[in-house]
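Build me a model from this:
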Amino acid sequence: MAMASTYLAEDINQCFLGECKMLTNYIQAAMRLATYEILSDDGSFYGEIPGFQGVWANASTQDACRDELQSALEDWIMVRKASHLPLPIVDGIELAIKVAV
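Below is the predicted model:
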């Protein structure tokens with residue numbers, strides 16, 4: 001089993017300020033897991049990321065679907081972070097939430 005790199009909430013906040021690449025690496029790793037399909041009813045693209053419940057997108061082109069999916073993933077990460085919910089480990093990257101005591 002690979003050892004995960006752990007990053008704490010302070011690191012995540014810094015990443016949103018553009019001070020590190022850890023969050024970018026996490027998002028890129030998650031996006032590599034994305035699957036896409038063309039919907040038969042309207043020919044649009046549907047994308048989702050296995051292991052990231054509720055993260056999906058639908059758009060008229062695959063590029064637009066990928067962009068929407070990444071945006072949905074970013075929002076999902078922020079909601080889970082704000083709710084102190086765990087995030088899946090992706091490609092050995094773990095975004096851990098440190099609760100102040």
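
give me every residue that touches the most centrally placed residue in the chain.
Residue closest to the average C-alpha location in the chain (Cα atoms, centre = their mean): residue 73, at 3.9 Å. By Cβ atoms under 8 Å, 6 or more residues apart in numbering, the residues touching residue 73 are 27, 30, 31, 49, 52, 55. In this view, the C-beta of every residue, glycine as well, is placed from N, C-alpha and C.

Flag the shaky bits of the chain, pLDDT-wise.
Along the chain, the parts satisfying pLDDT under 70 run over 1-20, 97-101.

Next, the buried residues of the top helix by length along it.
For the chain, the helix that runs over the most residues, judged by DSSP state H, is helix 62-82. Residues of helix 62-82 classed as buried: 65, 66, 68, 69, 70, 72, 73, 76, 77, 80, 81 (neighbour count, 16 or more other Cβ atoms under 10 Å).

Only alpha carbons, please: show that helix as CSV.
Included here for helix 62-82 are C-alpha records, laid out as CSV according to Å, rounded to 0.1, in the frame of the first residue of the first chain:
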residue,chain,number,x,y,z
GLN,A,62,-16.5,16.8,-24.0
ASP,A,63,-14.3,19.9,-23.3
ALA,A,64,-17.2,21.8,-21.8
CYS,A,65,-18.2,18.7,-19.8
ARG,A,66,-14.6,18.4,-18.5
ASP,A,67,-14.6,22.1,-17.5
GLU,A,68,-17.9,21.8,-15.7
LEU,A,69,-16.8,18.6,-14.0
GLN,A,70,-13.7,20.3,-12.7
SER,A,71,-15.7,23.2,-11.4
ALA,A,72,-18.1,20.8,-9.7
LEU,A,73,-15.1,19.0,-8.1
GLU,A,74,-13.7,22.2,-6.8
ASP,A,75,-17.1,23.2,-5.3
TRP,A,76,-17.4,19.7,-3.8
ILE,A,77,-14.0,20.0,-2.2
MET,A,78,-14.9,23.3,-0.6
VAL,A,79,-18.2,22.1,0.8
ARG,A,80,-16.6,19.0,2.3
LYS,A,81,-13.8,21.1,3.7
ALA,A,82,-16.2,23.6,5.3
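
Nothing else from me, thank you.
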